[in-house]
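> could you work out the structure for the sequence below:
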Amino acid sequence: MKTPRPFRSQQFDWSSFVGTGATGLATVLIIAILAIILGNIAYRGLSGLSWRFITTGTATDMFDVNKAGILPMIVGTAARVILMTIFVVPVGVITAIYLTEYARIHSLSTRVIRGAVNNLAGVPSIVFGLFGAGFFVQFIGKGMDAALYSSKASVVWGQPALIWASATLAVMTLPVVIVTTEEALRAIPQGLREASLALGATKLETILRIVLPQAMPGILTGMILAISRAAGEVAPILFTGAAYYMADMPKTLHDQFMDLAYHVFILSTQSPNVDATRPLLYATVLVLLILTFTLNIAAVFVRANMRKKMRLLQ
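Predicted coordinates:
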């Protein structure tokens, strides 16, 4: 009969304690930095925020604190983000479906597509702006003018415009949508696909009626991430549609537009008196953050509502 070993008190695990403490400290530090940034913007921006500032445009001097308004910037920012979402989500979802459901893992086409997606994710945003100016504005836009209008002097689509800025942002955010959609599709159990096929459904019917509805919350997550990245970008729209100053809001897809992020850049670099326009600068940044959060929260509510309906159906 073996003699039982004497009971030993468990030694203190210093490595786990240090790791947990470092992780908690990093989390607190990130939250503190975010709180300081948002608090500073809110504190300085609330003084320049007013109903007139939000609901009117600027007729004469956009650097005048008493006359400046940002309604055209709000409309332009919301329009290009919404239009970008309409462009990027279908293309990103279809690409992810092909890579997940149809493409062979080790085929040449799959490797090329995945390599292109990975390279796009690492390209600086200013490069996307130059690409948009060369491809969308100069090539597609001028080609449309040559095909649609008899007069060679007609310039309608071959100029910086809302549609080209949105298309450029769609190309920039395409990797985000593809990757998140792929992850959402892979999370769907393979048994659901096999059961649908066993009941006589085709592969396309299985994808449209079984896989995509289950993956929709993940697809909306990719859309939210794309909106978050695109809302504050300046470089991609700098050469493709953003205007330095416009008295009116854009009325068609081939019009230029004013943008909140670009307006922040103008206020901070082109103002004749930066100190005098600082209240306008902080108020514009605050409105940009509110608009971005509003678009994200709307998408989050749609995703939560969709998840709730899916739980009730299960």
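> how about I126, nearest residue that isn't a chain neighbour?
Nearest in space to I126, with sequence neighbours left out and distances taken as CB to CB, 6 or more residues apart in numbering, is A235 at 4.1 Å. In this view, the C-beta of every residue, glycine as well, is placed from N, C-alpha and C.
> and for K142?
G158 (3.6 Å).
> is it true that F265 touches G232?
No: counting by CB atoms under 8 Å, G232 is not a contact partner of F265; they are 10.8 Å apart.
> name the residues that touch stretch 78-88?
Outside stretch 78-88, the residues that touch it by CB atoms under 8 Å, 6 or more residues apart in numbering are 162-163, 165-167, 169-171, 173-174, 177, 223, 226-227, 230-231, 237, 241, 250, 253, 257, 259, 291, 295.
> list the buried ones in stretch 138-155?
Of all the residues in stretch 138-155, those buried under the rule 16 or more other CB atoms under 10 Å are I140, G141, D145.
> again but with stretch 241-255, I slipped
Of the residues in stretch 241-255, those buried by neighbour count under the rule 16+ other CB under 10 Å are G241, A242, A243, M246, M249, P250, H254, D255.
> swap in stretch 276-287?
By 16+ other CB under 10 Å, the buried positions in stretch 276-287 come out as T277, R278, P279, L280, L281, Y282, A283, T284, V285, L286, V287.
> can I get these in CSV with secondary structure, distance to V302 and pLDDT?
Shown next, in CSV, are those (DSSP: H, G, I helix; E, B strand; the rest coil; distance: CB to CB, whole Å; pLDDT from 0 to 100):
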residue, secondary structure, distance to V302, pLDDT
T277, helix, 37, 84
R278, helix, 37, 87
P279, helix, 35, 85
L280, helix, 33, 87
L281, helix, 33, 88
Y282, helix, 31, 90
A283, helix, 29, 89
T284, helix, 28, 90
V285, helix, 26, 90
L286, helix, 25, 91
V287, helix, 23, 90
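> quick check, nearest of the residues you listed to S47?
Checking those against S47 with CB to CB, the nearest one is P279 at 5.7 Å.
> is it true that the closest one touches S47?
Yes: in terms of CB under 8 Å, P279 counts as a neighbour of S47; the distance is 5.7 Å.
> how far out from the middle of the chain is stretch 157-164?
Mean-position distance between stretch 157-164 and its chain equals 20 Å (CA atoms, centre = their mean, to the nearest Å).
> contacts made by that stretch with the rest, please.
Applying CB under 8 Å, 6+ apart, the contact partners of stretch 157-164 are 76, 79-80, 83, 132-133, 136-138, 140-145, 148, 239-243, 250, 252-257.
> again with stretch 297-306
Contacts to stretch 297-306, defined as CB under 8 Å, 6+ apart, come from residues M216, P217, L220, T221, M223, I224, I227.
> next, count neighbours for the fifth one.
If I follow you right, that is M223. 25 (other CB atoms under 10 Å).
> dump the residue contacts of it.
T85, V89, V177, A299.
> now the helix or strand where it lies: buried residues?
Taking DSSP states H and E as the definition, one finds M223 inside helix 212-231. Neighbour-count burial for helix 212-231 flags 212, 214-228, 230-231 (criterion: 16+ other CB under 10 Å).
> C-alpha coordinates for it, PDB please?
Listed next in PDB are the C-alpha coordinates belonging to helix 212-231 (Å, rounded to 0.1, in the frame of the first residue of the first chain):
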ATOM      1  CA  LEU A 212     -26.100  33.200 -46.600                       C
ATOM      2  CA  PRO A 213     -29.000  33.800 -44.100                       C
ATOM      3  CA  GLN A 214     -26.900  32.100 -41.400                       C
ATOM      4  CA  ALA A 215     -23.800  34.100 -42.300                       C
ATOM      5  CA  MET A 216     -25.600  37.400 -42.600                       C
ATOM      6  CA  PRO A 217     -24.600  38.800 -39.100                       C
ATOM      7  CA  GLY A 218     -20.900  38.200 -40.000                       C
ATOM      8  CA  ILE A 219     -21.400  39.900 -43.400                       C
ATOM      9  CA  LEU A 220     -22.900  42.900 -41.600                       C
ATOM     10  CA  THR A 221     -19.900  42.900 -39.300                       C
ATOM     11  CA  GLY A 222     -17.700  43.300 -42.400                       C
ATOM     12  CA  MET A 223     -19.900  46.100 -43.600                       C
ATOM     13  CA  ILE A 224     -19.500  47.900 -40.200                       C
ATOM     14  CA  LEU A 225     -15.700  47.600 -40.400                       C
ATOM     15  CA  ALA A 226     -15.700  48.900 -43.900                       C
ATOM     16  CA  ILE A 227     -17.900  51.900 -42.900                       C
ATOM     17  CA  SER A 228     -15.600  52.600 -40.000                       C
ATOM     18  CA  ARG A 229     -12.500  52.700 -42.100                       C
ATOM     19  CA  ALA A 230     -14.000  54.600 -45.000                       C
ATOM     20  CA  ALA A 231     -15.800  57.400 -43.100                       C
END
